[in-house]
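In: Here's my sequence, what's the structure:
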Amino acid sequence: MASSLVLFLANILPLFSDGSPQAANHLLLHHNHQLPQIHLLRPQSGAGGSHVPGLSCLSWRLGVETNNIIGWKTIPQECEGYVGHYMLGHQYRLDSKVVTDEALLHAQSLNLPNDGKNVWVFDVDETSLSNLPYYAQHGFGVEPYNSTLFNKWVMEGEAPALPESLTLYSKLLSVGIKPVFITGRSEDERNVTTTNLLKAGYHSWEKLVLKQSSDSGKTAVEYKSDARKNLEENGYRIIGNIGDQWSDLLGTNTGNRTFKLPDPMYYIS
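Out: All right, here's what the predicted structure looks like:
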């Protein structure tokens, strides 16, 4: 299974450049070497009660997304192909759009004061930016997390935007809600993160909050709760909060409403 996934490794920027079915069929290598066309990605499902390999992985993903499966380190080995097809296929984008559409409806339903204090909290990785070019080379989460390799990827500053999040970001700005990025990336990655966000289309924001040395030892829930508390103590109103991990959305000072984006590739507590 891993050898077949090599066909859609590395840089998948064209998949994120538009929402057309053709986009999923034209994947590029990181250094712009053209890959041959591959088949349109198909969901792992069947009809008539026939056995379809990978179908149990759909149930595993449901457990992950509902936070009923917690504390896991890697995806099941047998689910590498299923998760890869999901992440590179259309369903991941459609699922993301449902979430961001609901987030926008929530924002538009509110009668907010025009005092510059309305903010929306965005996570960065697998929310504002996508690391699929990295995870496509590392088994879509089947490999244990390697901080050295992942940080090397981060320092390249080439992560594309998740288009649905970028659309939400733009529409929130248009109604006077300012974005605040709160990320588990460290302070020494500020410059590359700023450059990457700008390159991906996020042209302005109120704050970019990164982990400081004083945050060492905190869980993601504790760190992000503290960061949101600091926002509110400085007079900001958190209108919404969106992330791919439950740890982005749990804890204290979570905001008016939270929105969970899909991510079956890894778990952060």
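In: ok, longest helix in this structure?
Out: Longest helix of the chain, by residue count under DSSP state H: helix 90-108.
In: so the helix or strand just after that one versus helix 90-108, what angle?
Out: For helix 90-108, the following helix or strand on the C-terminal side (DSSP states H and E) is strand 118-122. Relative orientation of strand 118-122 and helix 90-108, computed by axes from the mean of the first three to the mean of the last three Cα atoms, to 10 degrees: 160 degrees.
In: any residues touching strand 118-122, and which ones?
Out: Residues from elsewhere that reach strand 118-122 (Cβ atoms under 8 Å, 6 or more residues apart in numbering): 107, 112, 128, 165, 169, 172, 176-182, 206-207, 228, 231, 236-243, 255. C-betas here are computed from N, CA, C, even on glycine.
In: what mean pLDDT would you report for it?
Out: Average pLDDT, strand 118-122: 98.
In: Could you check how far it is from the centre of its chain?
Out: Using Cα atoms, centre = their mean, to the nearest Å, the mean C-alpha position of strand 118-122 is found 16 Å from that of the whole chain.
In: again, but for stretch 201-212
Out: Centre to centre, stretch against its chain (Cα atoms, centre = their mean), the figure for stretch 201-212 is 15 Å.
In: can you list contacts of it?
Out: Under the contact criterion Cβ under 8 Å, 6+ apart, stretch 201-212 has outside partners 119, 128, 161, 166, 169, 173, 178-187, 189-190, 193-194, 197, 223, 227, 231, 236.
In: Inside helices: which ones of those residues?
Out: 166, 169, 173, 190, 193, 194, 197, 223, 227, 231.
In: State the number of residues packed around the spatially closest residue to residue 159 that is not a sequence neighbour.
Out: Distances taken as Cβ to Cβ, 6 or more residues apart in numbering place residue 129 nearest to residue 159, at 4.0 Å, with adjacent residues excluded. By the criterion of other Cβ atoms under 10 Å, residue 129 has 28 neighbours.
In: for residue 226, same thing?
Out: Counted with other Cβ under 10 Å, residues neighbouring residue 226 total 18.
In: Go ahead and confirm it touches residue 214.
Out: No: if you go by Cβ atoms under 8 Å, residue 226 and residue 214 don't touch, sitting 9.6 Å apart.
In: who's in contact with residue 257?
Out: Counting by Cβ under 8 Å, 6+ apart, residue 257 touches 103, 106, 239, 240, 241.
In: still on that earlier bit, show me just the buried residues among the contacts of strand 118-122.
Out: Buried residues within the contacts of strand 118-122, defined by neighbour count using 16 or more other Cβ atoms under 10 Å: 107, 128, 165, 169, 172, 177-182, 206-207, 228, 231, 236-243, 255.
In: can you tell me the average pLDDT over stretch 189-206?
Out: 98.
In: How far off centre is that stretch?
Out: Stretch 189-206 sits 15 Å away from the centroid of its parent chain (Cα atoms, centre = their mean).
In: buried sites along it?
Out: For stretch 189-206, a neighbour-count test (16+ other Cβ under 10 Å) marks 189, 192, 193, 194, 196, 197, 200, 202, 205, 206 as buried.
In: again, but for stretch 105-118
Out: Neighbour counts over stretch 105-118 (16+ other Cβ under 10 Å) mark 107, 117, 118 as buried.
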